[in-house]
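# what follows is a predicted structure for the sequence shown.
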Amino acid sequence: MAPSLPLRAASDLPAPPGTSTWAADATLVAQLRQGSEAAFRTLVARFQDQVYSTAFSLLRSPEEAEDVAQEVFVEVYQTINRFRGEAALSTWLYRLATSRALQHRRRLTTRKRFAFFTSWLGFADHSLPEPPDHTHPLALLEEAQQLELLRQHISRLPPQQQVAFVLRHEQELSYEEIAAVLNTTTAAVESLLFRARRTLRHHLQFSPRHV
């Protein structure tokens, strides 16, 4: 059983002075494989923000993003022996976070469709969750409306395009880092981003500098 997760609470712990990221990762992984709870807490403290923000960017729900973050760190704890070190530890965590977030979104979509059909057929199912309400008075402002509209259209992009767009523009990953997360080439990432931006511009009629 994984130790309890202090998500959204612990501060980031830097790598030891003079130690490269790869060396620090290797040390941390070795300690995790030995079942060190201190290493697990360090893992969470170092990477919780990137895991949570990646999940939130794809789900737009703090509760769902928190659930995804919990699942990701539990999965890392349980499957650390499968990590071969061929990519950075952060890349593996990005990969797990995006995969888990997309799984959650598919489940949420299924539940919402089921809720619609049961309502349409006259059934009552009070156990089904209500979709989160993100409306805010600032949404009356044109800029806020455009931002919300952009987020809606991002959520409708094909999964690979959406992940690439989020990792590039919200997480600020390089093309090479995104390629590692998606297990593809930088050329494929460029193509995904080109198609995502083209689709968003078509729907939003933004100038190129907006996306």
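That came through fine. Numbers count the residues shown, from 1 in each chain.
# ok, how many other residues are close to residue 53?
Per other Cβ atoms under 10 Å, the neighbour tally for residue 53 reads 16. The C-beta positions use only the backbone N, C-alpha and C, and glycine is treated the same way.
# buried residues of the helix or strand containing it, list them for me.
Counting by DSSP states H and E, the element that carries residue 53 is helix 37-59. Within helix 37-59, the residues that qualify as buried are 39-48, 50-59, counting by 16 or more other Cβ atoms under 10 Å.
# send the alpha carbons of it over as CSV?
What follows is helix 37-59, C-alpha atoms only, in CSV (Å, rounded to 0.1, in the frame of the first residue of the first chain):
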residue,chain,number,x,y,z
GLU,A,37,8.5,6.2,2.2
ALA,A,38,10.8,9.3,2.4
ALA,A,39,11.6,8.8,-1.3
PHE,A,40,7.8,8.6,-2.1
ARG,A,41,7.2,11.9,-0.2
THR,A,42,10.0,13.5,-2.2
LEU,A,43,8.6,12.2,-5.4
VAL,A,44,5.2,13.7,-4.6
ALA,A,45,6.7,17.0,-3.5
ARG,A,46,8.8,17.4,-6.6
PHE,A,47,6.2,16.4,-9.2
GLN,A,48,2.7,17.0,-7.7
ASP,A,49,2.3,20.4,-9.3
GLN,A,50,3.1,19.2,-12.8
VAL,A,51,0.9,16.1,-12.5
TYR,A,52,-2.1,18.1,-11.0
SER,A,53,-1.9,20.9,-13.5
THR,A,54,-1.6,18.5,-16.4
ALA,A,55,-4.7,16.7,-15.2
PHE,A,56,-6.6,19.9,-14.5
SER,A,57,-5.7,21.3,-18.0
LEU,A,58,-7.4,18.2,-19.5
LEU,A,59,-10.4,17.9,-17.1
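# and it, what does it pack against?
For helix 37-59, the elements it packs on are helix 21-33, helix 62-79, helix 89-120, helix 159-169, judged by 3 or more Cβ pairs under 8 Å, 6 or more residues apart in numbering; DSSP states H and E.
# so can I have TSV of those helices showing distance to residue 201, mean neighbour count and mean pLDDT?
Shown next, in TSV, are those (distance: least, Cβ to Cβ, whole Å; neighbours: other Cβ atoms under 10 Å; pLDDT from 0 to 100):
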stretch	distance to residue 201	mean neighbour count	mean pLDDT
helix 21-33	36	16	91
helix 62-79	27	19	94
helix 89-120	24	17	72
helix 159-169	12	21	91
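# can I see the domain layout of this structure?
Domain assignment for the chain by automatic domain parsing gives 1-126, 134-211.
# spatially nearest residue to residue 26, not counting backbone neighbours?
Of all residues not flanking residue 26 in the chain, residue 85 sits nearest, at 6.8 Å (Cβ to Cβ, 6 or more residues apart in numbering).
# so that neighbour makes contact with residue 28?
No. Using Cβ atoms under 8 Å, residue 85 is not in contact with residue 28, being 11.2 Å away.
# joint contacts of those two?
Shared contacts of residue 85 and residue 28, defined by Cβ atoms under 8 Å, 6 or more residues apart in numbering, are absent.
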